[in-house]
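**Q** This is a predicted model, with the sequence first.
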Amino acid sequence: MSAEEAAAPTKSVPEDDGMTWWYRWLCKIAGVLGGISCAVSGVWMCVTVNPLNIAAGVWMVLNAFVLFLCEVPFCCQFIEFANAVAARADKLKPWQKAFFYCGMALFPVVLSFSITTLFGNGIAFATGVLYGLASLGKKGDAVTYARLQHQKQGDEEKMTGTTDE
């Protein structure tokens with residue numbers, strides 16, 4: 001058995017981050033739509049003479065590129081490092097992606113506050129919000145919640161020394 005065959009089964013499987021398949025696809029679709037809106041709005045922002053608008057437009061086009069690179073690397077097949085960047089982005093926890101995407105989307109708005117930057121970065125920001133909600137985890141079921149409430153009520157009665165007997 002060669003060293004490559006021995007190392008093959010020990011490849012690390014990406015840990016489950018608690019996201020369902022449909023929520024993961026929703027985040028990816030939101031990332032693609034955010035990239036499209038950032039790219040279109042960014043190009044529109046560059047058609048001006050104001051340097052801050054041009055800087056915000058260039059940043060928005062860069063945001064679009066990063067969103068496409070991280071969420072749908074097959075759209076960037078002509079870039080050699082696209083798969084490596086996408087693999088690294090997939091290893092990030094949802095809260096890290098949320099922080100990154102929301103920060104990327106806020107910078108052009110701070111740089112040049114206008115309707116174009118708000119709408120252009122809105123979907124990219126929403127992608128960050130979706131990843132942020134994913135980091136909160138799944139909602140608990142009603143049975144577990146009722147059991148915890150009943151247990152908490154029993155603990156309070158024991159502390160006060162009163163019971164309903």
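**A** Thanks, I have it.
**Q** Let me know the secondary structure of A39.
**A** helix (DSSP: H, G, I helix; E, B strand; the rest coil).
**Q** which residue packs closest to it, ignoring adjacent ones?
**A** A64 (3.7 Å; Cβ to Cβ, 6 or more residues apart in numbering). For glycine as for every other residue, the C-beta is placed from the backbone atoms N, C-alpha and C.
**Q** Next: S37.
**A** Going by Cβ to Cβ, 6+ apart, S37 has I123 as its nearest residue, at 4.8 Å.
**Q** Quick one: neighbours of the one you found, just the number.
**A** 20 (other Cβ atoms under 10 Å).
**Q** doesn't V32 make contact with it?
**A** No. Between I123 and V32 there is no contact under Cβ atoms under 8 Å: 9.3 Å.
**Q** Pull out the buried residues from the host helix or strand of the residue nearest to A39.
**A** Taking DSSP states H and E as the criterion, A64 maps to helix 51-71. Judged by neighbour count (16 or more other Cβ atoms under 10 Å), helix 51-71 contains these buried residues: 53-71.
**Q** Stretch 27-40 now?
**A** 27-28, 30-32, 34-40.
**Q** Show me where this protein has its helices.
**A** Secondary structure of the chain (DSSP state H): helices at 3-7, 21-45, 51-71, 82-91, 94-111, 115-136, 142-160.
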